[in-house]
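Participant: pasted the sequence and its predicted model underneath.
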Amino acid sequence: MAHVVAVYPGTFDPITLGHEDLVRRAAQLFDRVIVAVAIAHHKKTLFSLDERMDMAREALSDCPQVRVEPFEGLVTEFTAARGGTAMVRGLRSGTDFDYEFQLAGMNRALVPQIETVFLTPSSQYQFISSTLVREIAMLGGDVAQFVSPTVLQRLLAKVGKS
């Protein structure tokens, strides 16, 4: 049986419990999961690349078959270079589906050997997004129910609310 590697790409600014849920579920489906943290030159991130990678590693330290790596450029090239045959994408809503369906089609056109697998988060995480978590934290709201304790500490320190 082939060793199946999946890549879960994203900015993870910060990694949320929704992201963690998808990674843990993907780890049950695939032999190895690479959490590919985008360098994200096109986005202004709150956390540096190293901080985002550290938070992902801390949050997923209990998952031995999960690795966290940075990536830049086309995620299809990154996935192929790591021997990946699947890309995991999360779907929270119909709006996500429209965008992700188009992205999956483009990725398949670029590298037909890589399949996109859509996972929906557990119901308690369907509404969580990194953008909303950052905004709520910056405005002094309680985000403890949306991120792991180590991410919460870093987030509060970053926005000056600790």
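Facilitator: Nice, thanks for sending it over. Numbers count the residues shown, from 1 in each chain.
Participant: what's the burial count for residue 139?
Facilitator: 9 (other CB atoms under 10 Å). C-beta coordinates here come from the backbone N, C-alpha and C atoms, glycine included.
Participant: ok, the one 10 residues further on next?
Facilitator: Burial of residue 149 is recorded as 10 neighbouring residues (other CB under 10 Å).
Participant: how far away is it from residue 136?
Facilitator: With distances taken as CB to CB, to the nearest Å, residue 149 is found 17 Å from residue 136.
Participant: and residue 68, what element?
Facilitator: Using DSSP states H and E, residue 68 sits within strand 66-71.
Participant: for residue 34, same thing?
Facilitator: According to DSSP H and E, residue 34 maps onto strand 32-38.
Participant: the helix or strand that that strand is followed by packs against which elements?
Facilitator: Counting by DSSP H and E, the element after strand 32-38 in chain order, helix or strand, is helix 49-59. Contacts defined by 3 or more CB pairs under 8 Å, 6 or more residues apart in numbering; DSSP states H and E place helix 49-59 against strand 32-38, strand 66-71, helix 149-158.
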